[in-house]
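[1] got a predicted structure here, sequence first:
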Amino acid sequence: MKTLIAVSVITVIALALVSQMHFANAQLGQKVSEKQYINLRAEVWNEFFRMTTAAFTVGAIVSGTMIWLVWRFRESNPKNKTPTKWEKFDDPTSGTYEEGGH
Amino acid sequence: MVLELRKPRPVWQIMFSTHHTDVALLYTITGVAFLFMAGVLALMIRTHLFFPGQGVLIPDPATFNRIFTVHGLTMLFLFALPFAAGIGNYLVPIMVRYKDMAYPKLNAVAFWMNPVGGALLWLGFSDTSWVSYAPYSVIRAPGPAADMMIFGLKILGISSILSSINFVVTILKCKHPDLPLRQVPLFAWSILTVSLMTLVAMPTYAASLIMLLTDRLGVSGFFNPSIGGDPIAYLHLFWFTFHPEVYIFLLPAIGMMYELIPRFSRKPLFSQASGVFAFVMLGLIGFASWGHHMYSTGMDFTTKVVFMIGTLAAVPASGMHVFNFLATMWGGRIRFAAPMKFAVGGIALFFSAGAGGVLNSAMPLDFITHGTYWVVGHMHLFLTGTIAFGFVAMMYYMFPFITGRMYSEKLANIHFIGMMWGTVQVFFTQHLLGLEGMARRIYDYPAEYTSWVQLNQIATVGAWILGGSFVFFLANLIYSAAKGKEANMDDPFGLGGKYYYPYQAKNPTHHTGY
């Protein structure tokens, strides 16, 4: 679990860095003429739409998962009538997965 | 913790008590009172902007400036911070298994600084905006108002530092020896993280306030460009404190969700370790991103890239919290009582606010959105969508334990629908207004700009819905505290199992024999 978390964190940071550094480096060392200024604005808006697309895609996945979770695991769902295995304990919220539950 | 139902006490006994549950009650009530006061100011601003060019409700730009300044200061310093301290006071000593806070008298002193600071802010009614940027706040901001604001903030800052010291000592030194720090519940971890952040961040702001005051008195010129000072230096000092402060506002709300989501999912938290890790990460990263508020001040390219990376580094840690919540809900048998509804709503909006923040932190995009309503929408989506949702969720959760009575679930449902709808309508629309180019903090705008008019009117209707939902909240709190059904104190939400933390938060001085 810890390895998975560490790898995920490093991957996300690396992906964020690569795209941002690429965009930043593309602008270095260029003389800014009036025409280029207009192009830069286009680049910025392109960047905006690219990032918005990424944000909406990830957002749709996370929100979709959350909506499904809420629908599937609500106590009124017919599939969810049986108490969970933790409910037989004094306090269902105590204990952790790391320690194997109760 | 059941205060008055079984064995009423005179109010002064609560006011002068140093017991952690009494101080918690004072913090909580004060916080909620200031929330409503600042909310009224917000509705005035939004109603004014519904009618361009007509000066409705707010007659002149100076008054408008004063209103949004006091609205911001009140929400941040007199609602968000005290409310988190209140819930911390209720739960932290119990979570670390100690009889009270480490320094009970200091705790009460820290609380009583809040009404004093609040009075200075409200009686002065300054117009500098909550950021008090130099050089305006040094050269032009009118007399006693700005000085009263500086003294008020100074007092509130000292209060924060005192309560942070108290929380740190309580958690680290008074914790039961059998309880390893890593197993301390995550709400207490969130309070520990923000207390340590406050101790690092707040002195910088305290120093900058003194510099601001001496500049105003004319005995120094740190931020006064006419005598060689640098206004940008104030921005650095300010944001070095207040970007971490964003996390200081946010993390207690996340900690509250960690208390609620396993409880209402009827299962253990998915991962205590990743929650602790994410809190510590956010605590550190909070100090690596203050420059992203200042991309447009002429910072060099490398510095901007460093701050951009520092800001984006908050994404994985925030994601860990969200995935921890989702994984905890997975496989549970979830009861959607009011606290759980607000907690889940808060997670959804936290994600939306975070996505907007990623776009903000990207340096080229920041130049489009800087100083526009996009930023207003983004910060409010965090403050209302996540922080206020978490706080309201906790308020409903604690309500039966505080009053001994149950709130009305029907009124709470109306509140939830109105708050969710209103929040999305106001603050998503403000993002669009920003992209349309409307600058923040403007008194009026031309009625010919039809897109601005339409978006402002949509946002204002959303604000009315949001404000209206809080009327139901207030009515619910007052009516249910006085006449609500008596709560089953062993299991007020009908979840089964024991509620160790809130249940044990009973005040032994007046609760014996219950």
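    Right, received. Where do you want to start?

[2] longest helix of chain A?
    For chain A, the helix that runs over the most residues, judged by DSSP state H, is helix A:34-72.

[3] packing partners for that helix?
    Where contact means 3 or more CB pairs under 8 Å, 6 or more residues apart in numbering or on different chains; DSSP states H and E, helix A:34-72 is packed against helix A:2-26, helix B:314-329, helix B:338-361, helix B:363-369. Quick note: C-beta positions are derived from backbone N, CA and C, even for glycine.

[4] deepest in the core, which of these is it.
    Between the helices and strands packed on helix A:34-72, helix B:338-361 has the highest mean count of neighbours, a mean of 24, where neighbours are mean count of other CB atoms under 10 Å in any protein chain shown.

[5] picking that back up, out of the helices and strands packed on helix A:34-72, nearest to residue B:100?
    Of all these, helix B:338-361 sits nearest to residue B:100, with 25.8 Å by CB to CB.

[6] what about the closest one, near chain A?
    Yes: if you take CB under 8 Å from any CB of the partner chain as the test, helix B:338-361 does meet chain A, through B:344, B:347, B:348, B:351, B:352, B:355, B:356, B:358, B:359.

[7] show me what that helix is packed up against.
    helix A:34-72, helix B:231-265, helix B:301-312, helix B:314-329, helix B:363-369, helix B:373-380, helix B:389-403, helix B:409-435.

[8] out of the helices and strands packed on helix A:34-72, flag the one nearest residue B:25.
    With distances scored as CB to CB, the stretch of the helices and strands packed on helix A:34-72 nearest to residue B:25 is helix B:338-361 (18.4 Å).

[9] circling back to that earlier point, distance to residue A:64 and mean pLDDT added to the helices and strands packed on helix A:34-72, as CSV?
    Output for these, formatted as CSV (distance: least, CB to CB, whole Å; pLDDT from 0 to 100):
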stretch, distance to residue A:64, mean pLDDT
helix A:2-26, 19, 72
helix B:314-329, 11, 93
helix B:338-361, 11, 91
helix B:363-369, 26, 85
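
[10] in CSV, list the ones you listed along with distance to residue B:77.
    Output for the helices and strands packed on helix A:34-72, formatted as CSV (distance: least, CB to CB, whole Å):
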stretch, distance to residue B:77
helix A:2-26, 33
helix B:314-329, 23
helix B:338-361, 20
helix B:363-369, 25
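
[11] can you tell which of the ones you listed is closest to residue A:73?
    When the helices and strands packed on helix A:34-72 are ranked by proximity to residue A:73 (CB to CB), helix B:314-329 comes first, at 5.9 Å.

[12] what's the closest one packed up against?
    helix A:2-26, helix A:34-72, helix B:231-265, helix B:272-285, helix B:338-361.

[13] what's the average pLDDT for the shortest one?
    Looking back up the chat, that one is helix B:272-285. In this model, helix B:272-285 has an average pLDDT of 94.

[14] do the same with stretch A:81-98
    Averaging pLDDT along stretch A:81-98 gives 76.

[15] could you export that stretch as PDB, CA atoms only?
    What follows is the C-alpha trace of stretch A:81-98 in PDB, where atoms were taken according to Å, rounded to 0.1, in the frame of the first residue of the first chain:
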ATOM      1  CA  LYS A  81     -29.500  -4.500   3.900                       C
ATOM      2  CA  THR A  82     -27.000  -6.900   5.600                       C
ATOM      3  CA  PRO A  83     -24.900  -5.200   8.200                       C
ATOM      4  CA  THR A  84     -21.200  -4.800   7.400                       C
ATOM      5  CA  LYS A  85     -18.700  -7.100   9.100                       C
ATOM      6  CA  TRP A  86     -17.600  -4.200  11.200                       C
ATOM      7  CA  GLU A  87     -21.000  -3.500  12.700                       C
ATOM      8  CA  LYS A  88     -20.800  -6.500  15.100                       C
ATOM      9  CA  PHE A  89     -18.100  -4.600  17.000                       C
ATOM     10  CA  ASP A  90     -18.500  -2.200  19.900                       C
ATOM     11  CA  ASP A  91     -17.400   0.700  17.700                       C
ATOM     12  CA  PRO A  92     -17.500  -0.100  13.900                       C
ATOM     13  CA  THR A  93     -15.200   2.800  13.200                       C
ATOM     14  CA  SER A  94     -12.300   1.800  15.500                       C
ATOM     15  CA  GLY A  95      -9.500  -0.400  14.100                       C
ATOM     16  CA  THR A  96      -7.700   0.100  10.900                       C
ATOM     17  CA  TYR A  97      -7.100  -1.800   7.700                       C
ATOM     18  CA  GLU A  98      -3.300  -1.600   8.300                       C
END
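
[16] from residue B:397, how far out is the spatially most central residue of chain B?
    Nearest to the mean C-alpha position of chain B, by CA atoms, centre = their mean, lies residue B:80 at 3.0 Å. Residue B:80 sits 18 Å away from residue B:397, going by CB to CB, to the nearest Å.

[17] residue B:452 now?
    Here the criterion is CB to CB. By it, residue B:452 lies 40 Å from residue B:397.

[18] between the two, which has more neighbouring residues?
    In this comparison of residue B:452 against residue B:397, neighbours counted by other CB atoms under 10 Å in any protein chain shown, the higher total goes to residue B:397 at 27 against 19.

[19] who's in contact with the nearest residue to the more buried one once chain neighbours are set aside?
    Spatially, and ignoring its direct neighbours in sequence, residue B:397 is nearest to residue B:339 (4.0 Å; CB to CB, 6 or more residues apart in numbering or on different chains). Going by CB atoms under 8 Å, 6 or more residues apart in numbering or on different chains, residue B:339 touches B:260, B:264, B:393, B:394, B:396, B:397, B:493.

[20] and the longest helix of chain A, what's buried?
    A:44, A:47, A:48, A:51, A:52, A:55, A:59, A:62, A:66, A:69, A:70 (16 or more other CB atoms under 10 Å in any protein chain shown).

[21] what's the closest of the residues you listed to residue B:230?
    Ranking the buried residues of helix A:34-72 by separation from residue B:230, with CB to CB as the measure, puts residue A:44 on top at 28.8 Å.

[22] test my guess that that closest one contacts residue B:363.
    No: with contact defined as CB atoms under 8 Å, residue A:44 and residue B:363 do not form a contacting pair (9.8 Å).

[23] give me the phi and psi for residue B:405.
    Summarising the backbone geometry of residue B:405 under the convention degrees, to the nearest 10, its torsions are phi -120, psi 160.

[24] what bridges to it?
    residue B:486 (DSSP bridges).

[25] distance check, it against residue B:489.
    As it turns out, when the distance is counted by CB to CB, residue B:405 lies 10 Å from residue B:489.

[26] ditto for residue B:59
    Residue B:59 sits 52 Å away from residue B:489, taking CB to CB as the criterion.

[27] just want the angle from the longest helix of chain A to helix B:338-361.
    On the basis of axes from the mean of the first three to the mean of the last three CA atoms, to 10 degrees, helix A:34-72 is oriented at 160 degrees to helix B:338-361.
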